[in-house]
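Novice: I would like the atomic coordinates for the input below:
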Amino acid sequence: MELAERYDVGFATHLLNCPEDRKMSDAQYAAWGGTVAYLQARDLLQERTLFFHCDQVNRQEAEVFAEAGVAVSHNPQSNATYQGSVADVPTLREAGVTIGLGTDMAAGNIFDNIYTAYLVNAVVPLHQEAQFEPWVPIEMATIGGAEALRLGDKIGTLEAGKRADIVTVDLRRNTTLYPLNAGNLLYWIVTKCAGTLAADTMVDGAFLMRDGEFTFLDEEAIIARSDQWMARFESWYRGRKASGLPVTVRKYPDYENR
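Specialist: Prediction:
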């Protein structure tokens, strides 16, 4: 945090992304009253703080986050797939926490996560009676993400003076977004739009993808290099597993005996 303050950048870390994580972390910081109380005691809950996941954050902790200006990155697809849980976004929103939408991995599809965020809200929390309005997950993916990164004055919305960050969706190949009209556009974008329908991607006024083709990257060469690396990694991984050797080379001492 001292480095973050010195260079005026964000402070980010994963937090409470599954029940086991909550149990272990709270036990680790029991002397402070649990994980969130420990972070608060160490002055780590600040406006520059961004926590990923937060699946196990309760209402009282959400209010603490909101008062401190802490932001949360909601990663519904990653958490539901690998941890079997997702954040209680309605509670976080009601408390006033800034929420951005994330993928938790470079290969994640933001359109899939927009839909997943909309879908899981129907069952989390269990007592909830209605889903989000369609604009909510889109808002989390755009201005919410920008504000969570402390960049809301530069990106997140299309406004004069902000950077031109734009994604266009090709409605000419309208196979899933049908029947399309102004009244159901947001709903179809949220529930049916695939990332493959993105035709153009502009970042700060420069096209990174135009008509479905990268403007300066050799996609085939990148994939080929990735395949080579994955082949090498898989060979190393299988060799380590077969020899009974650990596949991680670094562990945190505090958790070695837990």
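Novice: using the three-state scheme, assign Arg150.
Specialist: Following DSSP: H, G, I helix; E, B strand; the rest coil, the label given to Arg150 is coil.
Novice: where in the chain is pLDDT low?
Specialist: 124-131, 249-258 (pLDDT under 70).
Novice: just give me the neighbour total for Leu245.
Specialist: Leu245 sits with 9 neighbouring residues when counted by other Cβ atoms under 10 Å. Backbone N, C-alpha and C define where each C-beta goes, glycine included.
Novice: quick check: end-to-end length of stretch 49-64?
Specialist: With Cα to Cα, to the nearest Å as the measure, the first residue of stretch 49-64 is 13 Å from its last.
Novice: buried residues in it, which are they?
Specialist: Neighbour-count burial for stretch 49-64, with 16 or more other Cβ atoms under 10 Å as criterion, is recorded at 49-57, 61-64.
Novice: which one is Val247 nearest to, not counting chain neighbours?
Specialist: Arg240 (5.1 Å; Cβ to Cβ, 6 or more residues apart in numbering).
Novice: part of a strand, is the one you found?
Specialist: No - counting by three-state DSSP, Arg240 falls outside a strand, being helix.
Novice: you'd agree Leu177 is up against Thr191?
Specialist: No - using Cβ atoms under 8 Å, Leu177 is not in contact with Thr191; the gap is 9.5 Å.
Novice: so for these two, which residue has more residues nearby?
Specialist: With neighbours defined as other Cβ under 10 Å, Leu177 and Thr191 compare such that Leu177 has more, 20 against 16.
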